[in-house]
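In: Mind looking at a prediction? Sequence and model below.
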Amino acid sequence: MAVLEVRGLTVGYGDRPALRDVSLTVEAGQIVGLLGPNGAGKTTLMGAVVGAVRPAAGTVRVAGVDVGTHPRRARSRVGYAEQELAVFPTLTARENVTDWAAICGVPRRARADAVEETLAALLLDEVADRQVRTLSGGQRRRVHCAMATVARPPLLLLDEPTVGVDPATRRAVLDHVRELAATGTAVCYSTHYLPEVAALDAMVVLLAAGRVATRGLVGDLLARYGSTMVDLRVADDEGGTRTVSTALSGPEALPAVLHSLGPDLGRLTGLEIRHASLDEVFDRVVAEAREPADVR
Ligand SMILES: Nc1ncnc2c1ncn2[C@@H]1O[C@H](COP(=O)(O)OP(=O)(O)OP(=O)(O)O)[C@@H](O)[C@H]1O
């Protein structure tokens with residue numbers, strides 16, 4: 001079942017388009033990784049899903065409820081951790097999460113268990129009784145994330161939830177997201193860290209300049225756009241080496257690639273042929289999606 005259904009969504013800020021004819025669905029239990037360079041429209045899309053941004057065209061439905069016509073009912077089905085932290089600094093971590101659970105309608109008898117489970121999942125139990133203003137940036141972000149997930153909403157929107165967190169915490173956030181998806185939560189997860197999307201085995205929706213540039217599972221995208229790369233290591237004047245990376249269409253193209261080094265060919269110290277990384281695929285798709293008029 002589609003928990004989030006976005007159809008033909010177009011949003012502008014003044015006369016500046018931020019989203020153009022974007023459609024996507026997130027099914028129950030599915031994780032969609034929303035990727036795209038700065039300004040691609042990821043936050044705007046989430047804003048439209050929670051009814052904070054009014055579209056110029058298109059529709060958004062959450063669990064079958066139209067955001068345009070029933071914004072409150074739709075909003076009550078969404079847990080949203082926006083990019084900006086929204087935590088009460090003088091309340092403890094536990095109080096923040098408990099109060100939010102109450103606001104979201106988690107019944108009183110189930111509240112304490114839901115709060116403790118969520119705090120534990122995000123490795124916050126040891127700091128749960130400290131005022132949030134005394135916590136580190138990464139801990140605060142986890143409290144913010146816990147507030148979005150504590151009510152187990154049908155749809156979870158996480159906007160760059162791992163910014164500034166350490167590797168152990170990142171793993172905890174990813175595990176928590178995976179567990180929620182396994183119990184049927186539909187997740188829309190925006191990030192600039194491509195390995196996270198791969199670790200979540202998410203369906204990638206890549207936005208560029210307000211449009212869906214491509215979509216697919218990570219493996220499919222690598223197969224579709226991934227090329228063979230050659231890294232040429234060339235000695236520089238300072239006694240070090242620099243690496244020149246180029247896409248290689250096939251073995252027969254290698255002489256031409258070497259030739260392109262010109263006089264530097266005599267300084268070649270090594271070469272390696274490898275598959276393109278996810279980052280290189282991402283750069284290529286974004287570059288191909290960008291229209292001349294979009295370059296600013
Ligand atoms: N409140 C606003 N008023 C005017 N323009 C805005 C506003 N919010 C966003 N924009 C513009 O809309 C476009 C999309 O911005 P958005 O924040 O949705 O991108 P993003 O993909 O989330 O970027 P980032 O990766 O930097 O978070 C950008 O060109 C941005 O400058």
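Out: Noted; the coordinates are in hand.
In: Determine how far the helix or strand hosting T269 lies from the middle of the whole chain.
Out: Taking DSSP states H and E as the criterion, T269 maps to strand 268-275. Offset of strand 268-275 from its chain centre (Cα atoms, centre = their mean, to the nearest Å): 32 Å.
In: That one pairs with which strands, parallel or anti?
Out: Based on DSSP bridges, the pairing partners of strand 268-275 within the sheet are strand 228-235 (antiparallel).
In: so for the strand holding T269, what's the average pLDDT?
Out: Taken as a whole, strand 268-275 has a mean pLDDT of 92.
In: Next, the angle from the helix or strand following that strand to strand 228-235.
Out: Per DSSP H and E, the first helix or strand lying C-terminal to strand 268-275 is helix 278-289. Angle of helix 278-289 versus strand 228-235, following axes from the mean of the first three to the mean of the last three Cα atoms, to 10 degrees, is 110 degrees.
In: need the contact list for Q30.
Out: Residues in contact with Q30 (Cβ atoms under 8 Å, 6 or more residues apart in numbering) are A181, A186, V187, M203. Every residue, glycine included, has its C-beta placed from N, CA and C.
In: Can you tell me which residues in the protein are near the ligand?
Out: By Cβ under 6 Å from any ligand atom, the residues of the chain that approach the ligand are Y13, A18, G36, N38, G39, A40, G41, K42, T43, T44.
In: let's see it at 5 Å
Out: Counting by Cβ under 5 Å from any ligand atom, the positions of the chain adjacent to the ligand are Y13, A18, N38, G39, A40, G41, K42, T43, T44.
In: Counting neighbours, which of these end up buried?
Out: Neighbour counting by 16 or more other Cβ atoms under 10 Å classes A18, A40, G41, K42, T43, T44 among the residues of the chain next to the ligand as buried.
In: The second one contacts A208, correct?
Out: Pointing back at A40 there. Yes - shown here, A40 and A208 form a contact pair, counting by Cβ atoms under 8 Å, at 5.5 Å.
In: So which of the buried ones among the residues of the chain next to the ligand sit within helices?
Out: By the criterion of DSSP state H, membership of those in helices covers K42, T43, T44.
In: List just the nearest of those residues to F282.
Out: K42 (13.5 Å; Cβ to Cβ).
In: List the beta-bridge partners for the closest residue to the closest one other than its chain neighbours.
Out: Leaving aside its chain neighbours, K42 sits nearest to S190 (4.3 Å; criterion: Cβ to Cβ, 6 or more residues apart in numbering). Taking DSSP bridges, one obtains L34, D159 as the residues bridged to S190.
In: any idea of the pLDDT on S190?
Out: Looking at S190, its pLDDT is 95.
In: Near it, how many other residues are there?
Out: As a burial measure, S190 scores 23 neighbours (other Cβ atoms under 10 Å).
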